[in-house]
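**Q** What follows is a predicted structure for the sequence shown.
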Protein chains: 2
Amino acid sequence: MKNFLLTSFNYLLILFICTSNIVQAQNKDYTSFVNPFIGTQNMGHTYPGATTPFGMVQLSPETNQEAMLIDGKYNPATYAYCAGYQYADSTIFGFSHTHMSGTGHSDLGDFLLMPTTGALRLNPGTADQPQSGYHSQFSHQTEEASPGYYAVTLDDYNIKAELTTSDRVGYHRYTFPKSDDAHIILDLISNIYNYEGKTVWTFVRVENDSTVTGYRQTNGWGKTRKVFFAMKFSKPFKSYGHKRYEEVKYNGFYRKFDQEHNFPEMAGEKIRAYFNFDTEEQESIDIKFALSSVSTAGALLNLATEIPHWNFDKTKEEARKKWNTELSKVEVETLTEDQKVTFYTAFYHTMLSPVLYEDVDGQYRGLDQNIYTSEGFTNYTLFSLWDTYRALHPLFNVLHPTRNNDMVKSMLAHQEQSVHNMLPIWSHYANENWCMIGYHAVSVIADAMVKETTDVSPQRALDAAVSTATVTYFDGIGDYIANGYVSADNNSASVSKTLEYAYDDFCISEIAKYAGREGVSSQFHYRSENFKNVFDSVSNYMRPKMQDGTWRTAFDPLDTHGQGFIEGNAWNYGLYVPHNVDEMITMMGGKDHFSSHLDKIFTTPIEERFIEKNEDITRDGIIGNYVHGNEPGHHIPYLYNWTNQPEKTQQRVRMIMDTMYTNERDGLCGNDDAGQMSAWYVFSAIGFYPVLPGSAEYALGSPLVKEATLHFENGNTLHIVAKNQSSKNVYVKKILLNGVEITGPTINHFELMKGGELVFEMSRK
Amino acid sequence: MKNFLLTSFNYLLILFICTSNIVQAQNKDYTSFVNPFIGTQNMGHTYPGATTPFGMVQLSPETNQEAMLIDGKYNPATYAYCAGYQYADSTIFGFSHTHMSGTGHSDLGDFLLMPTTGALRLNPGTADQPQSGYHSQFSHQTEEASPGYYAVTLDDYNIKAELTTSDRVGYHRYTFPKSDDAHIILDLISNIYNYEGKTVWTFVRVENDSTVTGYRQTNGWGKTRKVFFAMKFSKPFKSYGHKRYEEVKYNGFYRKFDQEHNFPEMAGEKIRAYFNFDTEEQESIDIKFALSSVSTAGALLNLATEIPHWNFDKTKEEARKKWNTELSKVEVETLTEDQKVTFYTAFYHTMLSPVLYEDVDGQYRGLDQNIYTSEGFTNYTLFSLWDTYRALHPLFNVLHPTRNNDMVKSMLAHQEQSVHNMLPIWSHYANENWCMIGYHAVSVIADAMVKETTDVSPQRALDAAVSTATVTYFDGIGDYIANGYVSADNNSASVSKTLEYAYDDFCISEIAKYAGREGVSSQFHYRSENFKNVFDSVSNYMRPKMQDGTWRTAFDPLDTHGQGFIEGNAWNYGLYVPHNVDEMITMMGGKDHFSSHLDKIFTTPIEERFIEKNEDITRDGIIGNYVHGNEPGHHIPYLYNWTNQPEKTQQRVRMIMDTMYTNERDGLCGNDDAGQMSAWYVFSAIGFYPVLPGSAEYALGSPLVKEATLHFENGNTLHIVAKNQSSKNVYVKKILLNGVEITGPTINHFELMKGGELVFEMSRK
């Protein structure tokens, strides 16, 4: 926190103006309440670099160059570097253009640039050995980060690095000391989660003395992933070169050339290029670096269209304005300034993915590697759907419905291009990486359909959903269709899959209603009840079942591994029946019994042996056996609403907000998971949560804010007031929406979207 | 020859009809005079498979699977397999879709298909071990080949394989025995000139039960070469699968799937796929296999557009007609039937490259890997220019001027896309492979300009030519510009390069005249005299000169290696001053002295030690020190025209035609070199030859034909008659063009293109 205050004078200044209530909301600078360092320490897996809302470029420093695979074996040390950056580090290896925010697995880190001076070092070196490569020491004292801007001084070279971006173009400014030996290195081997062989091919052209284009193809999480670039330097380089680091087996007639020096064509598997300059004291060299999924021509077009000038500050200000436009959709007043920063940073983190995935002319690379033009929508990629269907897409349906509609259309385009005819599981730069379970794209579509935020054809959406849900070779689906559950014989997460498929089938059943296909709706409604098939009424738990219908023996409902659940156990993951909470509660012994099971979850300490294996969360993310640091339980605190003790929901969600989200570098209790963790916070902080995406109802909670004003795209404004708000007054006595009291556990989406005033009367009891 | 007769009953039949003079020329089937096996034995490097004139697909059998590099070392055994096929072999490994005709280095062999029955063998095996892999024994008795068609029986499986093509789509017909274990293997690792690591990446999708798409990227002669495909089976496969032959370092969440069986997505470095069928006795499975340089979508479009049906015979007949249309442009009568087959096969071989390189919608991959649409031209690739500027492109200017204009435009497009701003040296599937020396694209452009067959802007052409000729880092050009010659200090072929650059500069000088740029014309005319700088008047040879102006010592004018020449020596290559023959002859001691030097070339036996090192030619391709099997001397027999003994030209060219081109499998005396060897024959057979491409004059020779009728695109017809023609009457007494006697050593292009009658009066003396 100290560092953040040190580097945020603007923040304090604008804070003063805000609290004085003089300036109108839309003129306030909400970017000043964003602390991009939250989550950069430990397991938040966020990055501090520069990006625009949902932007294609995420330009951010790399503090690690360790390989994910060493001699074919997984190196757990790399896990912390999903976003390329760990706050505890003091070495920077350069700045690359693509990053995932908060994921628990990773990839990307495309096109690393590193400015240096002195003797040219093309190897990165290792962090533990200063001067062993091109990397540099840095101090957090020199670091600054705000939405769309990042700066740091590279101490080894006395170079100030500043980064900003437009949607598709990263803008670097490197301010050098006087040098006749200044370099900018373009390392095309560098990857996040790197390993020998990850970069498949690289192709670079030095178009003229200040323009370079190229692409690379990588393997990895995205199996056949191509990224193209175009870069322009503000000043011509005086010379350049490159080295190939692979064994060159065949060079053909290229042997005619000195390919390593001033030869404008570079191609190979492992290339590091460099560009040499003379610099005056405090001379800045600017670099505009555009990406494209299509071609270098596309990257050049993006570059010329988005940043036609050499005004770094202009681009930085445009990025800030874009962020402020998004952030000012929700104006909150909180009890403390830390809460305000926590809130706006969470809100910021919900807008880092999915990311834009098309050129300015609408062209993008499809899943079949063909080039498409988005007709009638904007194409997005990076759908971490197992995480984000829960609260992130529902949040978009409240605050960015147009964008969410584009995302729905992007998913349908993905399905059209898929050789499996499947909607995305985890859509990844024209690849499907198959990460995690379920087919939750159907949840996002159903949620958009139910909330009337999409104009896609319900029939088309239904066809895509049914096609996805009937691919028998996918992850136990054949078994699930045949038996009504995923059997435990050959499937380690059989219960998790059965429960999530059943929920997804509820969503398909809902979509079918919109398509007017009652038969299909009934069929998937029937499938949605499959959760019953894995409930063991004797043990009172969801439990792994064998193909022959017997329960798997050696069942430990607290064990998080090998017990039919993935990243969870029967205690927490076993409560995943969002589409039929009442029946689940009845099935599990009624409201009071269920309520006490929830109590046990929050109060029985988790055994240490179940944590140490789980790398996605920190101890801080756990309350008893409730694991907030991971998604399967995100709805659990809200389940008290369906018992006789809804006040326990209120108490627990306030407790979670207070303890698991802070304005600290380690202020996230687990991976932010592409914004899902933060979306949970944003919803909960304003008093409600989408326990059942695919329905128009939100479970009521207990707001953290004193006040919140939501500006909807439909032009309406919802003013949320928490009367008598305090850190102790976590209980809600009464809720009034436009003067009418809300009874029952939920509040309706359409009622909220009409705007007006939602009043929570808070109390200590 | 025996085999050819055995398999060519149609040929004999149609021959009878032709000689009866009943059928009009355009109705004659000239394809029956083509023997695609000529050149398939020894060093001709032709292929017997199916293709259309200048077609994108060359579908032909592979009889070898040996690697070019073994443990990083060149394996000379592979040299014979530039076109994938050697007649002496008795094993076929499959049929692939791209081949070069006659080249002395190679690549391609994309997408090998092999039908088999019985236990699935996915490894190719080795030719010396029958049954060791999927390959099959075959007998030439079952082989048939004609333009656009190839057939063979695969004896190991009793499968009859038939191949035909449209321009962009290969059409396979495999007739099986009864089997419940029939396979069609798609080997994506197979390459001509293969080596470990040549295939960079492969991507395959099984779109449905009978459609497969994909692409692969290869390294090699073309450094970053991508070819896309779409294939359709006439019958659904019952199952399919693939194996990856590389060490898979990272598999991500694909581990969820059984990827090897019926999984529609395949990607990796080394993939062999297979498709399984049940077949009835004599059941044919047809496969249409389309290529594209752009995308799988492009390949699918090509497939649907060109062959929308399942009628193999229709495609075969269309291919035959295309060939007949081209072949009937020249109707010849010869002294023997073998000469006729030799002539039409040579003519056929002149139309196998350059090859079409765009999809049916005009899209193609450019040198920068971006996708372009050809506007106002058809795009071609495979320009083996060091060979083909000599006679092949001049032949196109006579017989296919529209196509040659497209080729000129393709070269200019290449130049626009080149990061070096250079015209092609050896244009190779969106790559420059840099093979051989000179920048002879300027010769092709000058020749088209002088002969008025191109409508490109002379200014644009000049800019491209000058840009090419001034790239100082290219192959001694900096040195050449600075010193007036390429110095021998660092350049092994310094004299060859100096002579060819000087000739090319003459061409640029000519282009500059058309552009009205007198200054540039003078400047390059001055450069065109650089041949004088490497002439040593003491030894009377062109000779390697050092940077300091001294001659390199240890000079052996007969040695073909390390003496300043590439694929030649001072005796033959040293006579390469086509643009100033008179001055060269004066410089070398006058006409008589020169004449006797030419005699010596033809009569002094070459020393064995200079042959064994040269793999491009066979002993048959040599007369004394004259090496017809390679290009640098192709003009030499015609140089007598400029001495007092033009009759020796007549005698020598007839001798060369008689002895070095025969209707035999080994009927080519060296690599056909993308058609240049054959173009020499076609020109010489009709009585003239373009000693100086870039001028409108042809050197006169001695026709081989009795009669020839040339149908020009301008609608004119030239009837060439060799009166008193016989194998002994090789001397030309008199030449009359439309009744006017031609005196002097040359005949003018424009006069010929007017049509009419060109009479050679032949005599024994």
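**A** Received the coordinates, thanks. Residues are numbered from 1 along each chain as shown, chains lettered A, B, ... in the order given.

**Q** quick one: the nearest residue to residue A:211 once chain neighbours are set aside and residue A:304, what's the gap?
**A** Leaving aside its sequence neighbours, residue A:211 sits nearest to residue A:232 (Cβ to Cβ, 6 or more residues apart in numbering or on different chains; 5.2 Å). C-beta coordinates here come from the backbone N, C-alpha and C atoms, glycine included. Distance, residue A:232 to residue A:304, using Cβ to Cβ, to the nearest Å: 9 Å.

**Q** which residues sit in contact with the residue nearest to residue A:211?
**A** Applying Cβ atoms under 8 Å, 6 or more residues apart in numbering or on different chains to residue A:232 gives the contacts A:210, A:211, A:212, A:287, A:288, A:303.

**Q** hmm, 6 Å instead?
**A** A:210, A:211, A:288 (Cβ atoms under 6 Å, 6 or more residues apart in numbering or on different chains).

**Q** just how off-centre is the strand or helix carrying it within its chain?
**A** Element membership of residue A:232, judged by DSSP states H and E, is strand A:225-233. Centroid displacement of strand A:225-233 relative to its chain, using Cα atoms, centre = their mean, to the nearest Å, is 23 Å.

**Q** Name every strand pairing with it and say which way it goes.
**A** Its sheet considered, strand A:225-233 pairs with strand A:211-218 (antiparallel), strand A:283-292 (antiparallel) by DSSP bridges.

**Q** now the last one: how far from the chain's centre is it?
**A** So that's strand A:283-292. Strand A:283-292 has its C-alpha centroid displaced from the chain centroid by 26 Å (Cα atoms, centre = their mean).

**Q** Same check on the first one?
**A** Going by Cα atoms, centre = their mean, the spacing between the C-alpha centre of strand A:211-218 and its chain's C-alpha centre is 25 Å.

**Q** do you know how far the residue of the stretch 451-600 of chain A found nearest chain B is from residue A:463?
**A** Closest contact between the stretch 451-600 of chain A and chain B, by Cβ to the nearest Cβ, is at residue A:475 (5.4 Å). The gap separating residue A:475 from residue A:463 is 21 Å, by Cβ to Cβ.

**Q** More neighbours: those two, which one.
**A** Legend: neighbour count by other Cβ atoms under 10 Å in any protein chain shown for residue A:475 and residue A:463, higher for residue A:475 (22 against 18).

**Q** Can you check my assumption that that one lies in a strand?
**A** No: per DSSP: H, G, I helix; E, B strand; the rest coil, residue A:475 lies outside any strand segment and is coil.

**Q** which residues sit in contact with it?
**A** residue B:256.

**Q** State the pLDDT value of it.
**A** On the pLDDT scale, residue A:475 is placed at 96.

**Q** that older thread, packing partners for the following helix or strand past the strand holding residue A:232?
**A** Next in sequence after strand A:225-233, counting helices and strands by DSSP H and E, comes strand A:239-244. Applying 3 or more Cβ pairs under 6 Å, 6 or more residues apart in numbering or on different chains; DSSP states H and E, we find strand A:239-244 packed against strand A:271-279.

**Q** Which parts of the strand it packs on count as buried, going by neighbours?
**A** A:271, A:272, A:273, A:274, A:275, A:276, A:277, A:279 (16 or more other Cβ atoms under 10 Å in any protein chain shown).

**Q** Specify which member of those residues is nearest to residue B:661.
**A** Among these, residue A:271 lies closest to residue B:661 (Cβ to Cβ), at 47.3 Å.

**Q** Would you mind confirming that residue A:497 makes contact with residue A:488?
**A** No: counting by Cβ atoms under 6 Å, residue A:497 sits too far from residue A:488 to count as a contact (10.2 Å).

**Q** Next one, pLDDT for the closest residue to chain B within the stretch 401-550 of chain A please.
**A** Closest approach between the stretch 401-550 of chain A and chain B, counting by Cβ to the nearest Cβ: residue A:434, at 3.7 Å. As predicted, residue A:434 sits at a pLDDT of 97.

**Q** Contacts only, for it.
**A** By Cβ under 6 Å, 6+ apart, the neighbours of residue A:434 are A:425, B:253, B:256.

**Q** nearest residue to the last one other than its sequence neighbours?
**A** Among residues not flanking residue B:256 along the chain, residue A:475 sits closest, at 5.4 Å (Cβ to Cβ, 6+ apart).

**Q** Please enumerate the helices of the stretch 551-700 of chain A.
**A** Under the criterion DSSP state H, counting those that start in this stretch, the stretch 551-700 of chain A contains helices at A:581-587, A:591-603, A:608-611, A:646-660, A:676-685.

**Q** rank the ones you listed by pLDDT, which is bottom?
**A** Among the helices of the stretch 551-700 of chain A, helix A:608-611 has the lowest mean pLDDT, at a mean of 70.

**Q** how about the residues of chain A that lie near chain B?
**A** By the rule Cβ under 6 Å from any Cβ of the partner chain, the part of chain A lying against chain B is A:197, A:200-201, A:203, A:205, A:221, A:223-224, A:249, A:252-253, A:256, A:264-265, A:267, A:295, A:297, A:370, A:419, A:433-435, A:475.

**Q** I'd like the average pLDDT over stretch A:276-287.
**A** Stretch A:276-287 comes out at a mean pLDDT of 98.

**Q** which residues are contacting it?
**A** Stretch A:276-287 is contacted from outside by A:172-180, A:182-183, A:231, A:233-235, A:237-239, A:310, A:312, using Cβ under 6 Å, 6+ apart.

**Q** And these, which of them are buried?
**A** A:172-176, A:179, A:182-183, A:231, A:233, A:235, A:237, A:312.

**Q** Which one of the residues you listed is nearest to chain B?
**A** Closest approach to chain B among these (Cβ to the nearest Cβ): residue A:231, at 14.5 Å.

**Q** right, and the closest one touches residue A:289 too?
**A** Yes: counting by Cβ under 6 Å, residue A:231 does reach residue A:289; the two are 4.5 Å apart.

**Q** now the angle between strand A:271-279 and the strand holding residue A:232, please.
**A** Put simply, strand A:225-233 runs at 10 degrees to strand A:271-279, going by axes from the mean of the first three to the mean of the last three Cα atoms, to 10 degrees.

**Q** tell me the secondary structure for whichever residue of the stretch 101-250 of chain A sits closest to chain B?
**A** Nearest residue of the stretch 101-250 of chain A to chain B (Cβ to the nearest Cβ) works out as residue A:205 at 4.3 Å. When classified by three-state DSSP, residue A:205 comes out as strand.

**Q** can you tell me how far the residue positioned nearest the centre of chain A sits from chain B?
**A** When Cα atoms, centre = their mean is applied to chain A, the residue found nearest the centroid is residue A:674 (1.4 Å). Separation of residue A:674 from chain B (Cβ to the nearest Cβ, to the nearest Å) stands at 16 Å.

**Q** Would you confirm that that residue contacts residue A:386?
**A** No: using Cβ under 6 Å, residue A:674 makes no contact with residue A:386, being 9.7 Å away.

**Q** Now the terminal residues of stretch A:470-490, how far apart.
**A** End-to-end distance of stretch A:470-490: 19 Å, with Cα to Cα, to the nearest Å as the criterion.

**Q** and the gap between the residue nearest to the centre of chain A and residue B:443?
**A** Distance from residue A:674 to residue B:443, counting by Cβ to Cβ: 59 Å.

**Q** element containing residue A:106, please.
**A** Short version: residue A:106 belongs to no helix or strand, going by DSSP H and E.

**Q** With adjacent residues omitted, what lies nearest to residue A:204?
**A** residue A:214 (3.6 Å).

**Q** residues in contact with that neighbour?
**A** Residue A:214 makes contact with A:203, A:204, A:229 under the criterion Cβ under 6 Å, 6+ apart.

**Q** got a list of contacts for stretch A:407-426?
**A** Here stretch A:407-426 has contacts from A:354, A:366-368, A:377, A:379-380, A:383-384, A:427, A:433-435, A:441, A:445, A:448, A:454, A:456, A:464, A:467-468, A:471, B:205, B:264-265, using Cβ under 6 Å, 6+ apart.

**Q** Return a ChimeraX selection command for the buried portion of those.
**A** To isolate the buried members of those in ChimeraX, using 16+ other Cβ under 10 Å:
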select /A:354,366,367,368,377,379,380,383,384,427,433,434,435,441,445,448,454,456,464,468 /B:205,264,265
